[in-house]
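>>> fold the following and give me the result.
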Amino acid sequence: MDADDRRRLERVRAAFAAVPRAGFLPFARRDEAGHDWPVPIGHGQTNSQPTTVANMLALLDVPAGARVLDVGAGSGWTTALLARLAGPEGRVLGLEIVPELRDFGAGNLALATAATARSDDFAPAEIRLAEPEVLGAPDEGPFDRILVSAEPRELPESLVAQLAPDGVLVIPVAGVMTRVVRHGGDDLDITEHGEYRFVPLL
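Numbers count the residues shown, from 1 in each chain. Modelled structure (predicted):
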């Protein structure tokens, strides 16, 4: 592991410490917060396994001040973690297609970011209901970072198009964690980082 890898992991660990998982689980499942497995949150969705989330965030490498899109916000945990990583100069937009989960996640996000003694360390963040038939938020891009916590069969070109120059997209495509870096224009660097399973991207 080189110095950059260690730096990324330390930033992710700090975000995990600032955003406890328990606050993003249903009350009846909060005793599972410390276990490294996905936890159901209703509507066929889960709060993802912590090691999976950590790996994705390390690949995403969110810099301070980044504009971040979180597709499939679910419980709001990843949105809150991204807000901590982006810091007060950043901005995070979470999208969720299930109305009940949007409400659940938005409530969790508000409580978590207000409850911490270091709430000023978080980027402004919100979770909105995703528009039907629209992937991402094309009218609000480009984004420096895009995280997708659901699995498409193919890499969605519409999300790649929402990346800013030098932007990074992390998404599980057909069971393989995929990292896309836009090096200006249409020059893309696409790498694969192991097999994972997620709910389908709707």
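
>>> where along this structure do the strands fall?
Assigned by DSSP state E, the strands in the chain fall at 39-42, 45-47, 67-71, 91-96, 125-129, 143-148, 163-173, 176-182, 188-195.

>>> can you lay out these as JSON lines showing mean pLDDT?
Formatted as JSON lines, these follow (pLDDT from 0 to 100):
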{"stretch": "strand 39-42", "mean pLDDT": "94"}
{"stretch": "strand 45-47", "mean pLDDT": "92"}
{"stretch": "strand 67-71", "mean pLDDT": "98"}
{"stretch": "strand 91-96", "mean pLDDT": "97"}
{"stretch": "strand 125-129", "mean pLDDT": "96"}
{"stretch": "strand 143-148", "mean pLDDT": "98"}
{"stretch": "strand 163-173", "mean pLDDT": "96"}
{"stretch": "strand 176-182", "mean pLDDT": "96"}
{"stretch": "strand 188-195", "mean pLDDT": "92"}
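
>>> could you dump the ones you listed to CSV with distance to residue 19 and mean neighbour count?
C-beta coordinates here come from the backbone N, C-alpha and C atoms, glycine included. CSV is the format used below for the strands of the chain (distance: least, C-beta to C-beta, whole Å; neighbours: other C-beta atoms under 10 Å):
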stretch, distance to residue 19, mean neighbour count
strand 39-42, 15, 17
strand 45-47, 12, 22
strand 67-71, 13, 25
strand 91-96, 12, 25
strand 125-129, 11, 19
strand 143-148, 14, 25
strand 163-173, 18, 20
strand 176-182, 21, 18
strand 188-195, 23, 11
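
>>> indicate which one of these is closest to residue 108.
Each of the strands of the chain has some distance to residue 108 by C-beta to C-beta; the shortest is strand 125-129, at 8.9 Å.

>>> so that closest one versus strand 91-96, what angle?
30 degrees (axes from the mean of the first three to the mean of the last three C-alpha atoms, to 10 degrees).

>>> and strand 125-129, how far out from the chain middle?
Relative to the mean C-alpha coordinate of its chain, strand 125-129 is positioned 12 Å out (C-alpha atoms, centre = their mean, to the nearest Å).

>>> go on, stretch 25-35?
Its chain's C-alpha centre and that of stretch 25-35 lie 20 Å apart, by C-alpha atoms, centre = their mean.

>>> what about that stretch, start to end distance?
Using C-alpha to C-alpha, to the nearest Å, the end-to-end distance of stretch 25-35 comes to 12 Å.

>>> average pLDDT for it?
Averaged over stretch 25-35, pLDDT sits at 96.

>>> what about the spatially closest residue to residue 12 that is not a sequence neighbour, how many neighbours?
Residue nearest to residue 12 in three dimensions, not counting chain neighbours: residue 57, with 4.8 Å by C-beta to C-beta, 6 or more residues apart in numbering. Residues lying near residue 57 (other C-beta atoms under 10 Å) number 24.

>>> same question for the one 4 residues further on.
Using other C-beta under 10 Å as the criterion, residue 61 is surrounded by 19 other residues.

>>> so it makes contact with residue 5?
No: contact criterion C-beta atoms under 8 Å: residue 61 and residue 5 do not qualify, at 9.9 Å.
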